[in-house]
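Participant: sequence-free structure coming up:
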């Protein structure tokens with residue numbers, strides 16, 4: 001989910017809608033009412049044309065002008081996914097396909113990678129497959145003066161020490177223009193890596209592995225994205241919640257902030273974390289709790305310790321089941337919003353709110 005300045009919520013569904021070619025997902029808006037109810041509007045149904053994207057697994061992001069950008073897993077001219085823009089116009093919204101992946105050197109199958117926008121309006125993301133070696137890419141999409149967009153592959157994963165298959169990782173951008181993300185496989189131990197990409201003077205980008213997951217209790221096959229704080233620390237989840245502190249040699253020192261036990265505090269966190277102004281971390285687990293997932297908070301304490309609090313345990317009924325890769329969104333009042341994969345009145349998922 002993403003929340004705007006008015007408190008309206010925006011998200012995607014990977015199925016359903018009224019697309020002319022297929023009911024292959026939607027972008028929707030939820031508007032809060034004065035009596036605690038919410039009104040839902042479908043802004044776009046994917047599969048609207050033969051070249052439209054399908055199966056939008058990732059949440060959209062806003063630019064400074066109020067346009068929404070996102071990715072689809074499949075569809076497009078080559079059935080390898082797309083990058084799209086949704087722009088407000090005449091009281092409605094117009095969708096444009098900015099780029100269609102070929103599945104070749106440019107990448108393919110953007111699974112749940114949420115895009116990142118820089119101050120110049122360039123878009124950054126990852127694909128799970130394709131690239132020069134078939135293990136996915138990090139890409140940049142730049143707008144041109146004539147309304148066209150140009151894709152540039154910043155790094156093609158080899159599946160070796162540099163990592164591979166950034167399954168559901170969104171990249172984050174620091175103040176110097178470097179990008180950071182997670183690859184699910186590859187690395188020195190074949191359990192995935194945290195990587196950094198730094199722009200070079202000649203227009204190329206240099207990749208550096210800043211942490212190798214060793215497996216077992218210290219993390220393996222990470223799925224979610226990263227959170228970057230103002231001091232340059234990175235936070236993520238790979239069976240546990242971890243912190244990566246910058247070191248003098250460009251590598252990072254990993255610290256485990258919380259290890260999940262399953263019941264009652266949750267298991268298998270798969271979504272990127274968010275934080276509030278006080279530095280507390282919030283996230284979801286796909287299972288555990290009451291066996292159907294949780295919403296949790298991690299609070300920094302004295303001596304570098306962190307304390308976990310379970311804010312909600314999904315019951316497996318009308319309140320939803322399995323929040324999966326759904327990163328939370330927080331409004332100005334501290335309310336948390338997210339989605340579940342299944343459950344709800346129709347057993348096809350819910351949008352939920354957790355209030356303090």
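Facilitator: Looks like it came in fine. If you're wondering where the values come from, they're calculated on a predicted model, not measured in any experiment.
Participant: Could I get the contacting residues of residue 233?
Facilitator: By Cβ atoms under 8 Å, 6 or more residues apart in numbering, the residues touching residue 233 are 243, 244, 245, 246. Any C-beta I mention is one placed from the backbone N, CA and C, and that applies to glycine too.
Participant: And it, how far from residue 16?
Facilitator: Computed as Cβ to Cβ, to the nearest Å, the residue 233 to residue 16 distance reads 39 Å.
Participant: Could you chop the chain up by domain?
Facilitator: The chain breaks down into these domains under automatic domain parsing: 1-96, 101-233, 260-356.
Participant: what bits of the stretch 51-200 of the chain have low per-residue confidence?
Facilitator: Applying pLDDT under 70 to the stretch 51-200 of the chain picks out no residues at all.
Participant: one more time with 90
Facilitator: Counting by pLDDT under 90, the stretch 51-200 of the chain shows low-confidence ranges at 57-59, 90-91, 109-114, 145-147, 167-170.
Participant: the strands in it, which residues?
Facilitator: Secondary structure of the stretch 51-200 of the chain by DSSP state E, counting those that start in this stretch: the strands cover 53-54, 61-62, 68-72, 74-75, 82-89, 92-100, 116-117, 123-127, 137-143, 149-156, 172-173, 179-183, 193-199.
Participant: and if you look at the stretch 251-356 of the chain?
Facilitator: Secondary structure of the stretch 251-356 of the chain by DSSP E, counting those that start in this stretch: the strands cover 252-259, 274-275, 281-285, 294-300, 306-313, 329-330, 336-339, 351-354.
Participant: Indicate each strand paired with the last one and its parallel or antiparallel sense.
Facilitator: I take that to be strand 351-354. strand 336-339 (antiparallel) (DSSP bridges).
Participant: tell me the average confidence for the partner strand?
Facilitator: Strand 336-339 shows a mean pLDDT of 96.
Participant: Need the strands of the stretch 51-200 of the chain in TSV (columns: distance to residue 291 and mean neighbour count).
Facilitator: What follows is those, written out as TSV (distance: least, Cβ to Cβ, whole Å; neighbours: other Cβ atoms under 10 Å):
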stretch	distance to residue 291	mean neighbour count
strand 53-54	32	26
strand 61-62	32	16
strand 68-72	31	27
strand 74-75	31	25
strand 82-89	36	19
strand 92-100	38	17
strand 116-117	34	18
strand 123-127	31	26
strand 137-143	36	21
strand 149-156	39	18
strand 172-173	32	18
strand 179-183	26	26
strand 193-199	30	22
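Participant: Which of those strands sits closest to residue 300?
Facilitator: Closest approach to residue 300 among the strands of the stretch 51-200 of the chain (Cβ to Cβ): strand 172-173, 19.9 Å.
Participant: for that closest one, the distance to its chain's centre please.
Facilitator: Distance of strand 172-173 from the chain centroid (Cα atoms, centre = their mean, to the nearest Å) equals 12 Å.
Participant: give me the beta-bridge partners of residue 307?
Facilitator: residue 299.
Participant: What is the burial count for it?
Facilitator: Using other Cβ atoms under 10 Å, the number of residues around residue 307 comes to 12.
Participant: For residue 209, see how far away it is.
Facilitator: 31 Å.
Participant: one step back: can you lay out the strands of the stretch 51-200 of the chain as CSV showing distance to residue 297?
Facilitator: Shown next, in CSV, are these (distance: least, Cβ to Cβ, whole Å):
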stretch, distance to residue 297
strand 53-54, 35
strand 61-62, 24
strand 68-72, 27
strand 74-75, 35
strand 82-89, 32
strand 92-100, 34
strand 116-117, 25
strand 123-127, 28
strand 137-143, 31
strand 149-156, 34
strand 172-173, 21
strand 179-183, 22
strand 193-199, 23
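Participant: So which of those strands is nearest residue 292?
Facilitator: Relative to residue 292, the nearest member of the strands of the stretch 51-200 of the chain by Cβ to Cβ is strand 179-183, separated by 25.1 Å.
Participant: Phi, psi for the residue nearest to residue 335 when sequence neighbours are not counted please.
Facilitator: Closest residue to residue 335 apart from its sequence neighbours, by Cβ to Cβ, 6 or more residues apart in numbering: residue 355 at 5.1 Å. Backbone torsions for residue 355, taken as degrees, to the nearest 10, come to phi -110, psi 140.
Participant: before we move on, back to that, of the strands of the stretch 51-200 of the chain, which is nearest residue 163?
Facilitator: Comparing those under Cβ to Cβ, the one sitting nearest is strand 179-183, at 3.0 Å.
Participant: which helices and strands does the closest one pack with?
Facilitator: For strand 179-183, the helices and strands in contact under the criterion 3 or more Cβ pairs under 8 Å, 6 or more residues apart in numbering; DSSP states H and E are strand 172-173, strand 193-199.
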